[in-house]
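Colleague: give me a 3D structure for the following:
(chains A, B, C and D)
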Protein chains: 2
Amino acid sequence: MNIGDIARITNLPAKTIRYYEDIGLVNPARDDNAYRRFNDNDVHKLGFIGRARSLGFTIEDCRALLALYEDKDRASADVKQIAQHHLDLIDAKIAELKAMRTTLGHLIESCAGDHRPDCPILEDLAVISQKEPC
Amino acid sequence: MNIGDIARITNLPAKTIRYYEDIGLVNPARDDNAYRRFNDNDVHKLGFIGRARSLGFTIEDCRALLALYEDKDRASADVKQIAQHHLDLIDAKIAELKAMRTTLGHLIESCAGDHRPDCPILEDLAVISQKEPC
DNA sequence: TCTTGACCTTCCAGTTACAGGAACCTCTAT
DNA sequence: ATAGAGGTTCCTGTAACTGGAAGGTCAAGA
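Modeller: Numbers count the residues shown, from 1 in each chain, chains lettered A, B, ... in the order given. Take a look at the predicted model:
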């Protein structure tokens, strides 16, 4: 199978698949014409990576998870640790965004949004006093 | 005031302030020794940018907000529109992260996390069936 | 046979918002 | 005179791709 077929199957852009080869996540064979030739294992791996990425794992996480996946002597604790760490990061990010959301939501509510220049949003941003960073 | 003083006042790294000059957000004067010399207006602007950034506004948003701030004939509607758009992006991001969090949370719960290789997390990632991306 | 269009290749640049580091200059205090 | 703190520019790297240029390959139709 050529890269276009795999792109369709895995729902990953061909560009992305080439990139994954560049950084050593996959290693497809080559035909005489230099076209990449993907086998079932490559498809499987790329699907794995795609799903991990869609859960927000970094590329390096994907690399580690893939290695564990292929290591039949792995300890599930190692997998869980990676996942838990990632979950913690997600939770931290959600908390950060929610704090922003709250502040920004209040500011937007209080802004008339008309033709006049008066704007609580700008006034807040321009405030001299040192608040804790959001 | 030199860059270090401003860095302390605004709580922005000196590197960041230089970067903001590079991209034209601020334009401090220079002393004979080529040191940047910041006045009160520069401090004010950098504080403004810092607070906008801490609410997650992009640099280009900051540029636009700063322009509106300095335009005394602005319409608050223009400010509100930028803020509302940003809020929408934040909400989308929160929703995305929450979906990841839910899926990942379930997977982690179901993983024993011991010395054995069996792992529902890996099994899920390796699934052949095409689910909707998370 | 020629051509057209779809597909493939590599390589380079751009994205975001900085951070790190090298090499070097300047100021102040001892 | 020298040390140390602070300033300068310039270059590289980050994450994970995306876009585009320039060009090779393949299958089908006129």
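
Colleague: distance of the residue in chain A sticking out farthest from the centre from residue A:108?
Modeller: Ranked by distance from the centre of chain A (CA atoms, centre = their mean), the top residue is residue A:116, with 40.9 Å. Residue A:116 sits 16 Å away from residue A:108, going by CB to CB, to the nearest Å. For glycine as for every other residue, the C-beta is placed from the backbone atoms N, C-alpha and C.

Colleague: can I see the domain layout of chain A?
Modeller: Under the assignment automatic domain parsing, the domains of chain A span A:1-56, A:75-134.

Colleague: among those, show the one with the smallest mean pLDDT.
Modeller: Ranked by mean pLDDT, those bottom out at domain A:75-134, with a mean of 90.

Colleague: and the helix or strand harbouring residue A:99 with chain B, contact?
Modeller: Element membership for residue A:99 (DSSP states H and E) is helix A:76-109. Yes. Helix A:76-109 reaches chain B (CB under 8 Å from any CB of the partner chain) through A:76-77, A:79-81, A:83-84, A:86-87, A:90-91, A:93-94, A:97-98, A:100-101, A:103-105, A:107-108.

Colleague: ok, of those, which come out buried?
Modeller: Burial by neighbour count, 16 or more other CB atoms under 10 Å in any protein chain shown: within those this picks out A:76-77, A:79-80, A:83-84, A:86-87, A:90, A:93-94, A:97, A:100-101, A:103-104, A:107-108.

Colleague: where does chain A get nearest to DNA strand C, residue-wise?
Modeller: As assessed by CB to the nearest atom of the strand, DNA strand C sits closest to residue A:4 within chain A, at 2.7 Å.

Colleague: was I right about that residue contacting residue A:12?
Modeller: No. Contact criterion CB atoms under 8 Å: residue A:4 and residue A:12 do not qualify, at 11.3 Å.

Colleague: skip the chain neighbours and tell me the closest residue to the residue positioned nearest the centre of chain A.
Modeller: Compute the mean C-alpha point of chain A, and by CA atoms, centre = their mean the closest residue is residue A:56, 3.8 Å away. Spatial nearest neighbour of residue A:56, chain neighbours left out: residue B:100 (4.8 Å); criterion: CB to CB, 6 or more residues apart in numbering or on different chains.

Colleague: separation between the one you found and residue A:70?
Modeller: For residue B:100 relative to residue A:70 (CB to CB), the value is 24 Å.

Colleague: now swap in residue A:3 and tell me
Modeller: 22 Å.

Colleague: who's more crowded, these two?
Modeller: residue A:3 (19 against 12; other CB atoms under 10 Å in any protein chain shown).

Colleague: what residues are up against the more buried one?
Modeller: By CB atoms under 8 Å, 6 or more residues apart in numbering or on different chains, the contact set of residue A:3 is A:14, A:17, A:18, A:35, A:36, A:38.
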